[in-house]
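Asks: sequence first, then the predicted structure:
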Amino acid sequence: MTDTWRQLADHRAATGDRPIAALFDGDPDRARRCTVAADGLWFDWSKTAIDDTALDLLLALAEGVPSRREAMFTGERINETEGRAVLHTALRATEGPILVDGRDVLPEVHATLDRMRRFADRVRSGEIAGQGGRYTDVVNIGIGGSDLGPVMAALALAPWADGPRLHFISNVDGADATDTLKGLDPERTLVIVSSKTFTTIETMTNAETVRRWMAGRVADPASQFAAVSSALDRTAAFGIDPERVFGFADWVGGRYSVWGPIGLSLMLGIGPDRFDEFLAGGRAMDHHFRSAPLEGNLPVMLALVGVWHHQVCGYPTRAVLPYANRLLRLPAYLQQLEMESNGKRVTMDGADLDRPSGPIVWGEPGTNGQHAFYQLIHQGTQVVPCEFIVAARGHEPDLDHQQKLLIANCLAQSGALLRGRSLEEARALMAGKGLPEAEAERQARHRVFPGNRPSTTLVIEALTPFTLGQIVALYEHRVFVEGVILGINSFDQWGVELGKELALKLGPLLDGGDADGQDASTLALVAHIRGVRGDG
Ligand SMILES: O=P(O)(O)OC[C@H]1O[C@H](O)[C@H](O)[C@@H](O)[C@@H]1O
């Protein structure tokens, strides 16, 4: 353990009993001091137990960030276990050169973006049409990073949707394809097969299913398929015309890929100009991340709060709670981004990680979550640091009273988590209800809120393509900073491989094949399922 980690642990041990509210009592300026602003975003971390000493120590942990950050932005192969550069930032960059092995990657990024724009314009105008006329619907087939980004962004930017309707098929469960295709006209549906590797079993299986669905009604189904991939040989083998294939390089990680061709469905839905605004938001955050001093740097501060809560205080999860219904799938998107990136057990050099890796990330939009799981957040025995996100303005001017109610709820929650309700206050609540003393006391104890539960609040002006770009890039860089501090590789995902391998072996077993190497529990489950299915 380095000195800084030890000092942080000691400091936490020494101050852990001090209520967060006491930090406000001792510092009337705390609310103002503990905020970071970046191009219209406003991040308030004052409702955490981080004091000046903790902040200094956390900033010391981040010492290595600037050099690593430059290594990322300038195309060094920082994904060391896959030997790759990490350049999703290049997908939204306008100024180069950005060199990988001495070659500027920007001309190709921009050429692909231009092809996407032309394709999207022609589909949206009807110039490129299906065999039954102008495309009314687009189905994106993909999973993980080839699904979650476009799904999340399409929901978030619904007010800007003025192109074909977007649909997404991800799960290998045939229910997903069946329910999604129901009601679609195959002659007016454009299908995009999105897969970085073009080998993912779920995506390839669904692509075959959709091709069969279309073949029944459309003379030339292949002409209504497009593909997004970094494996152009495989898209050709699948029979997709290279004209409608949009490639990207191996230095774009799947969960960082929404900014490029994987975002094609989104671009078709909202149009190239809005997509450009989304990229501009990401670019603005890149500029901020790269240039702001650490203590005034939004991704760095979001990361340091995360490290404080998880690695120092030991809180096992964090909840992302957007008070913006259109950010419905942001928590799911962040689950892949954060947990696939930083759920690692060894450091870059292969040594055991000697502290917890990234936390469990979960969440739902408010106010819905309030009526479901907030009970545990307020009164459960585990502390869940909460990350609130709220927009000052909604998109519906005639429903501004609802926006104000939404904001009031968000602020009420973080305030309640901070303050809680003491036993004295709960007793006062019960007094005068005519209950016997012992019963009043019992009832009062159920109405105590311990408070002192940390939260942060990210305020955006309004949810727009630009601010969504800022938010996504903010979280990407937060993951990066946490990864650098932990000394892990945030850009590989070996942990998903074993399950994939075993699934391939289990397929034949379900058909009565060889059972070698399977554990007894799995064999018993297979036997039971085969029995239920009548396959045995
Ligand atoms: O885009 P694909 O190659 O089909 O991959 C889709 C997803 O599959 C995986 O198993 C990876 O864990 C994800 O990072 C990836 O986003």
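Replies: Perfect, I can see it now. Numbering: from 1, shown residues only.

Asks: apart from its neighbours in sequence, what residue is nearest the residue in the stretch 351-500 of the chain positioned nearest to the ligand?
Replies: Residue nearest to the ligand within the stretch 351-500 of the chain: Val496 (3.9 Å; C-beta to the nearest ligand atom). Glycine gets a C-beta too; all of them are placed from N, C-alpha and C. Counting by C-beta to C-beta, 6 or more residues apart in numbering, Glu340 is the residue found nearest to Val496 once chain neighbours are left out, at 7.3 Å.

Asks: the helix or strand of the chain with the lowest mean pLDDT - contacts with which helices or strands?
Replies: For the chain, counting by mean pLDDT, DSSP states H and E, helix 497-510 ranks last in confidence among helices and strands (a mean of 87). Where contact means 3 or more C-beta pairs under 8 Å, 6 or more residues apart in numbering; DSSP states H and E, helix 497-510 is packed against helix 201-215, helix 520-533.

Asks: got a markdown table for those helices, with mean pLDDT and distance to the ligand too?
Replies: Formatted as a markdown table, those follow (pLDDT from 0 to 100; distance: least, C-beta to the nearest ligand atom, whole Å):
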| stretch | mean pLDDT | distance to the ligand |
| --- | --- | --- |
| helix 201-215 | 97 | 5 |
| helix 520-533 | 95 | 21 |
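
Asks: okay, those helices, which one's buried deepest?
Replies: helix 201-215 (a mean of 19; mean count of other C-beta atoms under 10 Å).

Asks: distance between that one and the chain's centre?
Replies: The chain centre lies 27 Å from the centre of helix 201-215; the measure is C-alpha atoms, centre = their mean, to the nearest Å.

Asks: over to stretch 152-160?
Replies: Here stretch 152-160 is found 15 Å from its chain centre; the criterion is C-alpha atoms, centre = their mean.

Asks: leaving out chain neighbours, which residue sits closest to the residue in the stretch 201-350 of the chain that the ligand sits nearest to?
Replies: Going by C-beta to the nearest ligand atom, the ligand is nearest to Gly254 of the stretch 201-350 of the chain, at 2.8 Å. Excluding the flanking residues, the one nearest Gly254 by C-beta to C-beta, 6+ apart is Gly145, at 2.9 Å.

Asks: give the contact list for that neighbour.
Replies: Neighbouring residues of Gly145 by C-beta atoms under 8 Å, 6 or more residues apart in numbering: 196, 253-258, 262, 336.

Asks: return the set of buried residues in stretch 421-432.
Replies: 421, 426-427, 430 (16 or more other C-beta atoms under 10 Å).

Asks: just the mean pLDDT for stretch 273-286, thanks.
Replies: Here stretch 273-286 scores 98 as its mean pLDDT.

Asks: point out where the stretch 1-150 of the chain drops to low pLDDT.
Replies: Residues of the stretch 1-150 of the chain that meet the criterion pLDDT under 70 lie in 1.

Asks: could you chop the chain up by domain?
Replies: Listed by the TED database, the domain ranges of the chain are 1-74+278-417+454-492, 88-270, 420-450, 495-533.

Asks: nearest to Glu80, of those domains?
Replies: Nearest to Glu80 among those is domain 1-74+278-417+454-492 (6.0 Å), distances taken as C-beta to C-beta.

Asks: what does this protein put close to the ligand?
Replies: The chain has residues 143-146, 195-197, 200, 203, 254-255, 340, 493, 496 near the ligand, with proximity defined as C-beta under 6 Å from any ligand atom.

Asks: try it again at 5 Å.
Replies: Within the chain, the positions near the ligand by C-beta under 5 Å from any ligand atom are 144-146, 195-197, 200, 254, 493, 496.

Asks: and the lengthiest helix in the chain, what other elements does it pack with?
Replies: Longest helix in the chain by number of residues (criterion: DSSP state H): helix 465-486. Where contact means 3+ C-beta pairs under 8 Å, 6+ apart, helix 465-486 is packed against strand 41-44, helix 65-73, helix 148-156, helix 272-291, helix 298-307, helix 330-334, helix 341-342, strand 455-460.

Asks: how confident was the prediction at the spatially most central residue of the chain?
Replies: With distances taken as C-alpha atoms, centre = their mean, the residue of the chain nearest its centroid is Leu334 (1.9 Å). Confidence at Leu334, expressed as pLDDT, is 98.

Asks: go ahead and confirm it touches Ile360.
Replies: No: assessed by C-beta atoms under 8 Å, Leu334 is found out of contact with Ile360, at 11.3 Å.

Asks: C-alpha coordinates for stretch 183-201, CSV please?
Replies: Extracted as CSV, the C-alpha positions of stretch 183-201 are listed here (Å, rounded to 0.1, in the frame of the first residue of the first chain):
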residue,chain,number,x,y,z
GLY,A,183,-45.8,-5.1,-37.0
LEU,A,184,-42.7,-4.1,-39.1
ASP,A,185,-43.0,-4.1,-42.9
PRO,A,186,-40.0,-6.1,-44.2
GLU,A,187,-40.1,-4.2,-47.4
ARG,A,188,-39.6,-0.9,-45.7
THR,A,189,-37.2,-2.0,-42.9
LEU,A,190,-33.5,-1.3,-43.0
VAL,A,191,-31.4,-3.7,-41.0
ILE,A,192,-28.0,-2.8,-39.6
VAL,A,193,-25.9,-5.6,-38.3
SER,A,194,-23.6,-4.0,-35.7
SER,A,195,-20.7,-6.0,-34.4
LYS,A,196,-17.1,-5.0,-33.9
THR,A,197,-15.9,-8.5,-34.3
PHE,A,198,-18.8,-9.8,-36.5
THR,A,199,-18.4,-13.1,-34.6
THR,A,200,-20.7,-12.5,-31.6
ILE,A,201,-23.0,-15.5,-31.5
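
Asks: show me where this structure has strands.
Replies: 35-38, 41-44, 99-100, 103-104, 137-141, 165-169, 189-194, 225-229, 245-247, 317-323, 360-362, 386-391, 455-460 (DSSP state E).

Asks: including distance to Pro436 and mean neighbour count, could the ones you listed go into a markdown table?
Replies: Output for the strands of the chain, formatted as a markdown table (distance: least, C-beta to C-beta, whole Å; neighbours: other C-beta atoms under 10 Å):
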| stretch | distance to Pro436 | mean neighbour count |
| --- | --- | --- |
| strand 35-38 | 49 | 18 |
| strand 41-44 | 44 | 20 |
| strand 99-100 | 76 | 16 |
| strand 103-104 | 80 | 12 |
| strand 137-141 | 63 | 26 |
| strand 165-169 | 58 | 21 |
| strand 189-194 | 66 | 26 |
| strand 225-229 | 69 | 27 |
| strand 245-247 | 73 | 20 |
| strand 317-323 | 39 | 24 |
| strand 360-362 | 42 | 18 |
| strand 386-391 | 37 | 24 |
| strand 455-460 | 38 | 23 |
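
Asks: quick one on the thing from earlier: hmm, the residue of the stretch 201-350 of the chain closest to the ligand is touching Asp147, no?
Replies: No: taking contacts as C-beta under 8 Å, Gly254 lies outside contact range of Asp147: 9.6 Å.

Asks: those two: which is more packed in?
Replies: Asp147 (28 against 24; other C-beta atoms under 10 Å).

Asks: which parts of stretch 102-120 are buried?
Replies: Judged by neighbour count (16+ other C-beta under 10 Å), stretch 102-120 contains these buried residues: 105-106, 109, 112-113, 115-117, 119-120.

Asks: ignore the last one, stretch 159-178
Replies: For stretch 159-178, a neighbour-count test (16+ other C-beta under 10 Å) marks 160-161, 163-164, 166-170, 172, 176-177 as buried.

Asks: still on that earlier bit, and of the strands of the chain, who's closest to Arg84?
Replies: For the strands of the chain, the distance to Arg84 is smallest for strand 99-100, at 9.1 Å, taking C-beta to C-beta.

Asks: quick one, helices of the stretch 301-450 of the chain?
Replies: Assigned by DSSP state H, counting those that start in this stretch, the stretch 301-450 of the chain shows helices spanning 330-334, 341-342, 374-379, 400-419, 423-430, 437-446.

Asks: could the ones you listed go into TSV alongside distance to Asp220?
Replies: Formatted as TSV, the helices of the stretch 301-450 of the chain follow (distance: least, C-beta to C-beta, whole Å):
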stretch	distance to Asp220
helix 330-334	35
helix 341-342	41
helix 374-379	53
helix 400-419	48
helix 423-430	71
helix 437-446	67
